[in-house]
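Student: quick one, fold the following:
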Amino acid sequence: AGLGDADRLMNPEEFLALLPVDTVNMAVRQAESDQMDMQERRLVGDLNLTVPFRLGSGFSGMFKAGGKVTQIDRSSDQNTGLLVAAGLPDDPLLNPQNWLTDDYDPGKVLNGKTDLGVITDPTHGYTLYERLESYYQVSPFYGPNNDYSGTENIYAAYGMLKLNFGSWLTLIPGIRYEKDNNIYSGYYRMTHSGWGSPSGELSKNNGDFDDDSFFPMFHVKIKPLKWLDLRMAYTNTISRPSFHWRIPYMNRYLNSSDWSAGIPSLGPALSENLDAYLSVYDSKFGLFTIGLFRKYIDNVSYRVEWKLTEEGEAAELGLYRETYGVGEDFEFTSGLGNIPINLTETTLINGVEFELQTNMFFLPGLLKNFVLNTNFTYIQSESQLFSSERVLDEVTWQQTTVTGLRPGPMPQQPNYIFNVTLGY
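Tutor: Numbering: from 1, shown residues only. The predicted structure follows:
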């Protein structure tokens, strides 16, 4: 018995029993190889000017301004090869029995319901490639579409004031300007046939992203006592999406309506932040800080499988035919698209942070010179996430795709963060 005997209607326990590998009848059918050359060059130049001033004995400050230019060049060249075992010269590693190993036992899987089966030695894959490298067939229609290049130019300038009213009050207003001017290139790939006899269509595409934003800020520090200070801040920040998500590539398959793509116009996440932190100092116990923060984040980006219902929806997401070089015969609504998107609703984040910095004064001798730094943060986030789910009709066995919005936490945002550092 094996997975070939599985049935959609069988009991899950019966299905799990089919998972262990049949070591008698198993065979090496094919092997893959991946070679990737990724290069990145980053050039950064900045200039800063500081002018201090003082008016009387109780008022001082400084004016600071500057600029920064960053250029990031990145390229990726991936070659994927396929080795088909049929018709190859005899080699011991084409016998699957020679891949088995007893050096590792993962135990039960799926909550202890089944064994994983036999375990193979992954290092044999390198040996097989070295012996039969000339038999691997390399094609752009194998593996992921990871051939791309791009240049990101980021220009920034800022100006700020620092105003000190004695030692008890400090005000820091300021503003920052950033501009992006980026160019990307990727490939449209339509695979007609894959493993064994690769063929298809391949064409190069170009896309760009051009945008700018202003980021005002205001900081306040109040220090009424030597051992106490209160800091409050209003700031605006930017977080740019993954480089690869902006590459103008598209993957399609002749016998499937599903597709995947990158979107050059994918916007950055823009965050409006409110922070308030209270710190208490003690020469013996150290520094204790508690802080509250709130963030309003627009354009949070993440990758989803999404079923477009109207062609006009594609343009709203930044999907244009001319970007990918596809003709009128292709419809974005034809199947499920794997794409990066910006959330249309604002994400709200609330959090509280605790930090303690202290030395081990209670330990004897040299041990009391150890320094402990602990930090704990609790975060609660609320987003409206895109939801696209394939639903199976158990009578007709036909799949339909249901799309919409659902509430949920911000993607890749943990609820708890805890750090401990020990120094001397």
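Student: and the residue nearest to Ser256 when sequence neighbours are not counted, how far is that from Asp211?
Tutor: Nearest non-adjacent residue to Ser256, counting by C-beta to C-beta, 6 or more residues apart in numbering: Gly335, 6.7 Å away. C-beta coordinates here come from the backbone N, C-alpha and C atoms, glycine included. Separation of Gly335 from Asp211 (C-beta to C-beta, to the nearest Å): 30 Å.
Student: so for the two, which sits in the more crowded spot?
Tutor: Ranked by neighbour count (other C-beta atoms under 10 Å), Gly335 and Asp211 place Gly335 first, with 16 against 13.
Student: check what pLDDT that one gets.
Tutor: If you check Gly335, the pLDDT there is 83.
Student: contacts only, for it.
Tutor: By C-beta atoms under 8 Å, 6 or more residues apart in numbering, the residues touching Gly335 are Ser256, Ser257, Asp258, Trp259, Lys307.
Student: show the end-to-end separation of stretch 408-416, please.
Tutor: Start-to-end span of stretch 408-416 (C-alpha to C-alpha, to the nearest Å) is 16 Å.
Student: distance between that stretch and the chain's centre?
Tutor: 13 Å (C-alpha atoms, centre = their mean, to the nearest Å).
Student: and for it, what's in contact with it?
Tutor: Counting by C-beta under 8 Å, 6+ apart, residues outside stretch 408-416 touching it are 297, 300, 302, 347, 349, 376-385.
Student: okay, who's weakest in the contacts of Gly335 by pLDDT?
Tutor: Among those, Lys307 has the weakest pLDDT, 83.
Student: measure that one to Tyr188 for me?
Tutor: From Lys307 to Tyr188 the distance is 21 Å (C-beta to C-beta).
Student: what's the neighbour count on Thr377?
Tutor: So Thr377, with other C-beta under 10 Å, has 17 neighbours.
Student: who does the strand or helix carrying it touch, helix- and strand-wise?
Tutor: Using DSSP states H and E, Thr377 sits in strand 371-392. For strand 371-392, the elements it packs on are strand 301-307, strand 336-342, strand 347-359, strand 399-408, strand 416-423, judged by 3 or more C-beta pairs under 8 Å, 6 or more residues apart in numbering; DSSP states H and E.
Student: okay, those strands in a markdown table with mean neighbour count and distance to Asp121 next?
Tutor: What follows is those, written out as a markdown table (neighbours: other C-beta atoms under 10 Å; distance: least, C-beta to C-beta, whole Å):
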| stretch | mean neighbour count | distance to Asp121 |
| --- | --- | --- |
| strand 301-307 | 18 | 34 |
| strand 336-342 | 20 | 33 |
| strand 347-359 | 16 | 45 |
| strand 399-408 | 12 | 38 |
| strand 416-423 | 10 | 37 |
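Student: can you tell which of those is closest to Trp168?
Tutor: Trp168 lies closest, by C-beta to C-beta, to one member of the helices and strands packed on strand 371-392: strand 347-359, at 22.9 Å.
Student: adjacent strands (with direction) for the closest one?
Tutor: strand 286-298 (antiparallel), strand 371-392 (antiparallel) (DSSP bridges).
Student: what is the orientation angle of that strand with strand 416-423?
Tutor: If you take axes from the mean of the first three to the mean of the last three C-alpha atoms, to 10 degrees, strand 347-359 sits at 20 degrees to strand 416-423.
Student: contact partners of strand 347-359?
Tutor: So strand 347-359 is in contact with 277, 285-298, 300, 368-383, 410, 413, going by C-beta under 8 Å, 6+ apart.
Student: equivalent analysis for stretch 365-375, please.
Tutor: 353-363, 417-424.
Student: what of stretch 118-135?
Tutor: Contacts of stretch 118-135 (C-beta under 8 Å, 6+ apart): 20-21, 23, 31, 33, 83, 88-89, 91, 93, 96, 98-106, 136.
Student: now that stretch: average pLDDT?
Tutor: The model assigns stretch 118-135 a mean pLDDT of 85.
Student: give me the low-pLDDT residue ranges for the stretch 51-200 of the chain?
Tutor: Applying pLDDT under 70 to the stretch 51-200 of the chain flags residues 116-117, 194-196.
Student: re the thing from before, where among the helices and strands packed on strand 371-392 is average confidence lowest?
Tutor: strand 399-408 (a mean of 72).
Student: so who does the residue positioned nearest the centre of the chain touch?
Tutor: With distances taken as C-alpha atoms, centre = their mean, the residue of the chain nearest its centroid is Ser242 (6.2 Å). Contact partners of Ser242, counting by C-beta under 8 Å, 6+ apart, are Ser301, Pro340.
Student: distance of it from Lys204?
Tutor: Relative to Lys204, Ser242 is positioned 21 Å away (criterion: C-beta to C-beta).
Student: cool, Phe376 as well?
Tutor: Taking C-beta to C-beta, one finds Phe376 at 50 Å from Lys204.
Student: what does Asn415 give?
Tutor: Distance from Asn415 to Lys204, by C-beta to C-beta: 43 Å.
Student: ok, now Val220?
Tutor: 52 Å.
Student: then Tyr126?
Tutor: Tyr126 is 32 Å from Lys204, by C-beta to C-beta.
Student: between the two, which is the more surrounded one?
Tutor: Just comparing Tyr126 and Lys204: by other C-beta under 10 Å the higher neighbour count belongs to Lys204, 14 against 10.
Student: give me phi/psi at the residue of the chain positioned farthest from its centre?
Tutor: Distance to the chain centre peaks in the chain at Gly56, reaching 51.7 Å (criterion: C-alpha atoms, centre = their mean). Main-chain dihedrals, Gly56, degrees, to the nearest 10: phi 80, psi -170.
Student: same deal with Ala314?
Tutor: When read as degrees, to the nearest 10, the backbone of Ala314 gives phi -60, psi -40.
Student: I figured it was touching Leu308, is that so?
Tutor: Yes - under the criterion of C-beta atoms under 8 Å, Ala314 is in contact with Leu308, at a separation of 5.8 Å.
Student: which of the strands paired with strand 347-359 sits closest to Gly327?
Tutor: strand 371-392 (25.3 Å).
Student: could you list the buried residues of that closest one?
Tutor: Thr377, Ile379, Ser381, Ser383, Gln384, Leu385, Phe386, Ser388 (16 or more other C-beta atoms under 10 Å).
Student: now the element after the longest helix seen in the chain, going C-ward?
Tutor: Identified as the longest helix of the chain according to DSSP state H is helix 124-132. The helix or strand immediately downstream of helix 124-132 is strand 137-138, counting by DSSP H and E.
Student: what strands line up against that following strand, and which way round?
Tutor: As defined by DSSP bridges, the strand partners of strand 137-138 come to strand 59-84 (antiparallel).
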